[in-house]
Structures are given as C-alpha cells and as structure tokens.
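Enquirer: predicted model and sequence below, questions to follow.
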Amino acid sequence: MLLSTKLQMARVLLDAQPAAENSTQSMLMSVLPLILLFVVMYFLLIRPQKKKQKEVEQMRTALKPGNRIVTIGGFIGKVKKITEDEIYVVLSENGEHVVLKKWSVQSVLDKEEAKEIEKNSKKAINEPVPEIPEDHDEVEVVQEIENEIKEDQADEWKKDTE
C-alpha cells in the first residue's frame with residue numbers, strides 16, 4: 001500500500017508539472033501584447049519626440065549674434081547678444097531690443113527666409129493704415145477692410161501670374 005501511494009504521488013507530481021508550464025506560457029502570452037504595445041509606442045511616439053527635442057536644444061545652443069529667429073509667440077527678430085539663458089533680440093529698425101529666454105526661440109531663419117521677411121515687412125510698413133470712421137459700425141468697417149485686403153491680394157496674384 002505504501003508503494004502504491006508513492007506511485008500515486010509521483011503521478012500527481014508528474015501530471016502537475018506540465019500544468020505549471022502551461023500556466024507560465026499562458027501568463028507570458030497574456031503579457032506579450034502589452035509588451036508589444038509599449039515597444040510600438042516607444043518607436044512611434046517617445047523616440048521621435050526625444051530626437052526632435054534634442055535637435056531643438058542643439059539649435060538653441062548654436063545661436064549666435066546676427067541670427068534671425070522666430071519666437072514661440074511669432075515675433076521675428078535679430079539676435080543681438082546671448083547670455084547663459086537669455087538672448088537680446090532686436091525687433092525693430094530703431095535698434096530697441098527685448099530680452100527673451102532661450103527656450104522661447106522656436107526656429108532660426110536661413111538667409112533667404114530672412115531677406116524675404118525683411119522685404120515684406122518694409123512693404124507692409126509703408127502701406128497706410130486704414131482709419132476707422134466714427135459714424136460706421138465696427139463690424140462694417142472690419143468687413144470693408146477685409147474686402148479691400150482681399151482685392152489687393154487678388155490684384156497682386158494676377159500680377160504674379162502674368
């Protein structure tokens with residue numbers, strides 16, 4: 001009887017061993033989709049974001065006086081002086097400058113873009129600013145100004161296409 005009990009216990013242990021392997025495999029198979037999802041998220045989202053952030057940081061550390069920059073707020077100016085975490089930027093032709101944090105620089109313009117922007121800004125400065133008559137409703141005046149601008153843009157487009 002003792003021998004048969006030992007045999008029965010051996011059979012139980014032998015039968016239980018494959019069940020433990022199956023449970024490990026099933027647990028691995030249930031965790032595998034989560035691991036794959038994390039790997040895909042890393043390569044699609046995290047890695048490109050870190051790469052872009054590194055490029056932006058390199059661009060900001062490579063700033064030098066004379067560069068034309070665009071700030072996060074959309075201001076365009078010329079770098080006058082650079083300190084550890086601040087830059088002095090000239091925004092107007094009269095030489096007045098503003099102090100900005102380095103992190104506020106969005107991009108550095110190349111020479112062609114800077115010339116084009118400078119040309120357009122000089123053209124815009126010389127255009128007269130429309131005055132708002134006091135007897136008109138503000139909405140009507142804005143609509144009239146928008147229509148004038150659209151007509152001017154259409155005329156310029158016709159000149160450019162000819």
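Expert: Thanks, I have the structure now.
Enquirer: contacts only, for I149.
Expert: Contact analysis of I149 by C-beta atoms under 8 Å, 6 or more residues apart in numbering lists nothing. For glycine as for every other residue, the C-beta is placed from the backbone atoms N, C-alpha and C.
Enquirer: please identify the helix or strand for it.
Expert: Taking DSSP states H and E as the criterion, the element that holds I149 is helix 138-161.
Enquirer: ok, now S30?
Expert: Using DSSP H and E, S30 maps to helix 2-41.
Enquirer: next, count neighbours for S92.
Expert: 11 (other C-beta atoms under 10 Å).
Enquirer: returning to what we had before: same question for the helix holding I149, mean pLDDT?
Expert: For helix 138-161, the mean pLDDT works out to 77.
Enquirer: which parts of stretch 82-101 are buried?
Expert: Buried residues in stretch 82-101, defined by neighbour count with 16 or more other C-beta atoms under 10 Å: 82, 87-89, 97, 100.
Enquirer: who touches that stretch?
Expert: Here stretch 82-101 has contacts from 63-65, 69, 71, 75-81, 102, 105, using C-beta under 8 Å, 6+ apart.
Enquirer: determine which two of the residues you listed are furthest apart.
Expert: Among the contacts of stretch 82-101, the pair separated by the greatest distance (C-beta to C-beta) is K64 and F75, at 18.6 Å.
Enquirer: pick out whichever of those two has more residues nearby.
Expert: F75 (14 against 8).
Enquirer: so in this structure, which strand runs the longest?
Expert: Across the chain, the strand with the greatest residue count (assigned by DSSP state E) is strand 76-82.
Enquirer: what's downstream of that one, the next helix or strand?
Expert: Next element after strand 76-82 (DSSP H and E): strand 86-90.
Enquirer: pLDDT (mean, whole number) over that next one?
Expert: When pLDDT is averaged along strand 86-90, the result is 93.
Enquirer: least confident secondary structure element in the chain?
Expert: Ranking every helix and strand in the chain by mean pLDDT, DSSP states H and E puts helix 2-41 at the bottom, with a mean of 71.
Enquirer: any idea of the angle whichever helix or strand comes after it forms with strand 86-90?
Expert: Toward the C-terminus, helix 2-41 is succeeded by helix 47-61 as the next helix or strand (DSSP H and E). With axes from the mean of the first three to the mean of the last three C-alpha atoms, to 10 degrees as the basis, helix 47-61 and strand 86-90 are set at 70 degrees to each other.
Enquirer: what strands flank the helix or strand following helix 47-61, and is each parallel or antiparallel?
Expert: Downstream of helix 47-61, the next assigned helix or strand under DSSP H and E is strand 68-71. Strand pairing for strand 68-71, using DSSP bridges, gives strand 76-82 (antiparallel), strand 105-109 (antiparallel).
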